[in-house]
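In: kindly generate the corresponding structure for this input.
(2 chains)
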Amino acid sequence: MKTKVITDEERQKAFKPTKKPDVIERQRLDVRYHVEDFDVAERPRRFLEAFAAILKHSNYRMALDHFIRMSAKCSRCATTCQVFQATGDPKDIPCYRSELLLSVYRRHFTVAGLLKGRLTGSGHLTDEKVQEMADSFYNCTACRRCALECPSGIDHGLITHLGRYILSEIGIAPRALVVSTREQLEGKTGNTSAIPVPALIDTLEFLEEDMFEEKQVKIKYPIDVEGAEYVFFPAVSDFLMEAETLMGIAAVFTATGDSWTTGTGYFDGINYGLFYSDRILERVVKKIDAETRRLKGKKVLIGECGHASRSAKYFLPTYCGGKDAYPVINIMEYTYQVWKEGRLKLNPNAIEEKVAYHDPCNIARQRWILEPPRELLKAFCPNYVEMTPNRDENICCGGGGGTVSIDEIRPYRTTVGGKLKADQIRRSECKYLVAPCANCKKQLRELVEDQGIDCEVVGLHDLLYKAIIFDDALIVKSSDDEKQPQAEEEEKEKA
Amino acid sequence: MDAVLEFARGPLFRLTFAIMALGLLRILVLDIIAAVDAYRKAGDKSMPWRLIIRRSLEWFVPIKRMFHNRPVYSIYSILFHIGLILVPIFLFAHVHLWNTAIGIAWPALPETVADVLTVTTILFGILLFASRVAKRTSSFLSRKQDFFWPLLLILPFLTGFICANLGVRPTVYQAFMLIHILSGELIFILIPFTKIAHCVLMPLSQVVCTLAWKFPPETDDKVCTTLGKKGAPV
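Out: Numbering: from 1, shown residues only, chains lettered A, B, ... in the order given. Predicted structure coming up:
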């Protein structure tokens, strides 16, 4: 799939300065995202020190050695990158972006490079190059689609990931990500959206009341239940922005009767470490492990969120005990499984409008959970349509790699990053676009708004909620209905 | 001239071939050692072998990929590779040389097939060079060696074809044969130290990429200690 290069007008909009000149001057950093003030002295030296420390304690050296020997500069990746296709700027070709870091590695961390550097006295890492990397690595959405198209098998997403990690060690990381993570790891509320526990409980009670009114079913949202089968970690922003997704998930559990719980000790699946620092990634993953342990849960259940699912599924075993780590499943896997077992009934004609499914990169790229959401949707959306390319070859929403959380770059995301996706959505003519990922949802909503596409972005469970058929036994009859609020109030008084 | 040719064909060939073989062995072994070490250090040792094999095969038999993206370029790039691999190993005259050098013989390609492959390799090599120069994205990315390689690679094919098929005078024949052998030997020497090393490393690519995401545990503490950031706020 191809798209046209953006117009000059769009370019002006996308690349409009977001910062005052004095900030750029002070930080000596001309990038679109805001950065907290940091030490600007001797950046190249500190960059190399951080690079060396990371290489010493990681497995990156293996990949970098392999990549510098393999890279053939064939430019196939250019044709798949949605950012390059939109800007047409060769500096946005994934292979060029990777070369920024690979050349530093080659020059400063290989014998041949060091020798050549000594002999010619050139090629040192400069401050300008550090700046170029700081800009370039955040133009990439880390969707890793280019890695599929590289004959040499170079994972440009991994290089972006590593480049951002090194930059963060010298203080260059988007303020939006750092501030949220600080609250999550060191703040009072312990989550990225800074939701205090009483507010969480209020929200969930409010949702329960809402669901009772709509479905006449006592849909519970269990809190702090010890020994539950599943301990639930959604992207915490769902509690503020995606009530309907949460309602759908609670409805599924009510229909099946399986035990699940949300812990008040920690209830955030978001892990910005995946986007800018392995150290943060490790710390956040350990919080999930600790909370599951506290609640004596059996499995970690991640809500509708791509990066939360990937960071838990792939990094809980890394940091918390390998094979002995808690099993991680995504909510779509659970719902699919219970539906297959016949424990979940859906109204086959619940959604008459055209529905399309967007694969989150962090889930689908490694061919994880490709068919379950499709089969589920086809079970209750007679007008399901497929967008191509899809599954592991899907096109990124344009807000991947944490960029969606950086509000100041919204014009860039919706004119450059999401352009190819916007074309694809338009062509599908869908009314509902299902995106089971908090990041994708936010980006896609902004994208359809800014691009003027008539389409509603929803989660999988938002739609499922409309289609669930509850057993008669669960439905409270109208005579019980009157008793219901009374009984609940009594219960609360007792508590 | 005969002595020079004999030297190029004999000792020089053995030397350059040894450099290539040992050089390739070296980087292959280094790559495998690094991969084993990474696996040993990784916190999560599960490997999605089916996906690794699937994605590796996609590039060994690149039919799906071929039509996916830049189909014309893909087709001549693949045909170029086929000739490049088959002709040096399976051309009748080469099989004979291999036999005298290492004492092992294998079936040779029929002459016409070898000739066709030689011509296509030359043509597609020129096309590869031309597209690298003409295509904006490729030329932007290219280093000097990227322009140089297709030209160097077709040189032994061109000279070999002239010697084998065109009835040139003996002195001209000898000159072309010398260029044929020397250019082939230059390629041998350069292979392990340049991007052509992908001829042995490629099978490992998907394994390396998968392993690269398998981080060792407890790096937070170690990196913090090394950088003197222990206990520092986020």
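In: all strands of chain A, in order?
Out: When secondary structure is read from DSSP state E, chain A shows strands at A:230-233, A:260-261, A:299-302, A:328-330, A:345-346, A:355-357, A:384-385, A:432-434, A:456-458, A:468-469.
In: longest single helix anywhere in the chain?
Out: I went with chain A, as the question did not name one. Using DSSP state H, we find that the single longest helix of chain A is helix A:197-215.
In: my question was about chain B, not that one.
Out: Ranked by number of residues, the top helix in chain B under DSSP H is helix B:11-41.
In: mind listing what's buried in stretch A:365-374?
Out: Using 16 or more other Cβ atoms under 10 Å in any protein chain shown as the burial criterion, the residues of stretch A:365-374 that qualify are A:365-366, A:368-369, A:372-374. In this view, the C-beta of every residue, glycine as well, is placed from N, C-alpha and C.
In: and the residue of chain B nearest chain A?
Out: Here chain B gets closest to chain A at one residue, residue B:205, 2.8 Å apart by Cβ to the nearest Cβ.
In: what mean pLDDT does the host helix or strand of that residue get?
Out: In this structure, residue B:205 sits in helix B:205-212 according to DSSP states H and E. Here the mean pLDDT over helix B:205-212 is 96, rounded to a whole number.
In: helices and strands around it, which ones?
Out: Secondary-structure packing of helix B:205-212 (3 or more Cβ pairs under 8 Å, 6 or more residues apart in numbering or on different chains; DSSP states H and E): helix A:60-70, helix B:11-41, helix B:49-60.
In: now it against helix A:60-70, angle please.
Out: In terms of direction (axes from the mean of the first three to the mean of the last three Cα atoms, to 10 degrees), helix B:205-212 departs from helix A:60-70 by 150 degrees.
In: got the angle between helix B:205-212 and helix B:49-60?
Out: Angle between the axes of helix B:205-212 and helix B:49-60 is 140 degrees (criterion: the same axes, to 10 degrees).
In: any part of the helix or strand that helix B:205-212 is followed by near chain A?
Out: Remark: after helix B:205-212, the chain's next helix or strand is helix B:219-227, criterion DSSP H and E. Yes - residues of helix B:219-227 are located near chain A by Cβ under 8 Å from any Cβ of the partner chain, namely B:219-220, B:222-224, B:226-227.
In: over to stretch B:142-154?
Out: Yes - contact of stretch B:142-154 with chain A (Cβ under 8 Å from any Cβ) involves B:142-143, B:146.
In: what lies in contact with that stretch?
Out: The set of residues external to stretch B:142-154 that reach it, using Cβ atoms under 8 Å, 6 or more residues apart in numbering or on different chains, is A:72-73, B:84, B:121-122, B:125-126, B:128-129, B:132-133, B:183, B:186-187, B:190, B:194-196.
In: now, those residues that are in helices?
Out: B:84, B:121-122, B:125-126, B:128-129, B:132-133, B:183, B:186-187, B:190.
In: could you dump the residues of helix B:219-227 next to chain A to TSV with pLDDT, neighbour count and distance to residue A:159?
Out: Written out in TSV, the entries for those read as follows (pLDDT from 0 to 100; neighbours: other Cβ atoms under 10 Å in any protein chain shown; distance: Cβ to Cβ, whole Å):
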residue	pLDDT	neighbour count	distance to residue A:159
B:219	90	24	18
B:220	91	21	21
B:222	94	17	22
B:223	95	23	18
B:224	94	17	23
B:226	94	17	22
B:227	94	18	21
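In: for the stretch 201-350 of chain A, what lies in contact range of chain B?
Out: A:278-280, A:282-283, A:314-315, A:317-319, A:322-323, A:325.
In: one more pass at 6 Å, please.
Out: Contact residues, the stretch 201-350 of chain A versus chain B (Cβ under 6 Å from any Cβ of the partner chain): A:279, A:282, A:317-319, A:322.
In: got a list of what residue A:316 touches?
Out: Residue A:316 is in contact with A:285, A:325, A:328, counting by Cβ atoms under 6 Å, 6 or more residues apart in numbering or on different chains.
In: and residue B:166, what pLDDT?
Out: Model confidence at residue B:166, expressed as pLDDT, equals 83.
In: now pLDDT too, for the contacts of residue A:316, in TSV please.
Out: Rendered in TSV, the data for the contacts of residue A:316 read as follows (pLDDT from 0 to 100):
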residue	pLDDT
A:285	97
A:325	97
A:328	98
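In: what ranges in chain B fall below the confidence cut-off?
Out: Across chain B, not a single residue meets the criterion (pLDDT under 70).
In: re earlier: out of the contacts of stretch B:142-154, which are buried?
Out: Members of the contacts of stretch B:142-154 classed as buried by 16+ other Cβ under 10 Å are A:72-73, B:84, B:121-122, B:125-126, B:128-129, B:132, B:183, B:187, B:190, B:194-196.
In: what is the nearest of those residues to residue A:474?
Out: For residue A:474, the closest of these turns out to be residue A:72, at 60.4 Å, with distances computed as Cβ to Cβ.
In: how about that closest one, nearest residue that isn't a chain neighbour?
Out: Of all residues beyond its chain neighbours, the one nearest residue A:72 is residue B:195 (5.0 Å), with distances taken as Cβ to Cβ, 6 or more residues apart in numbering or on different chains.
In: now do residue A:308
Out: Here the nearest residue to residue A:308 in space, its sequence neighbours aside, is residue A:269; by Cβ to Cβ, 6+ apart that works out to 3.4 Å.
In: so that neighbour touches residue A:233, yeah?
Out: Yes - Residue A:269 lies in contact with residue A:233 (Cβ atoms under 6 Å); the separation is 3.7 Å.
In: okay, and the common contacts of these two?
Out: Overlap between the contact sets of residue A:269 and residue A:233, as judged by Cβ under 6 Å, 6+ apart, is given by residue A:302.
In: what's in contact with stretch A:293-306?
Out: Outside stretch A:293-306, the residues touching it (Cβ under 6 Å, 6+ apart) are A:226-235, A:245, A:263, A:265, A:269, A:292, A:308-309, A:312, A:326-331, A:360, A:362-363, A:436-438, A:459.
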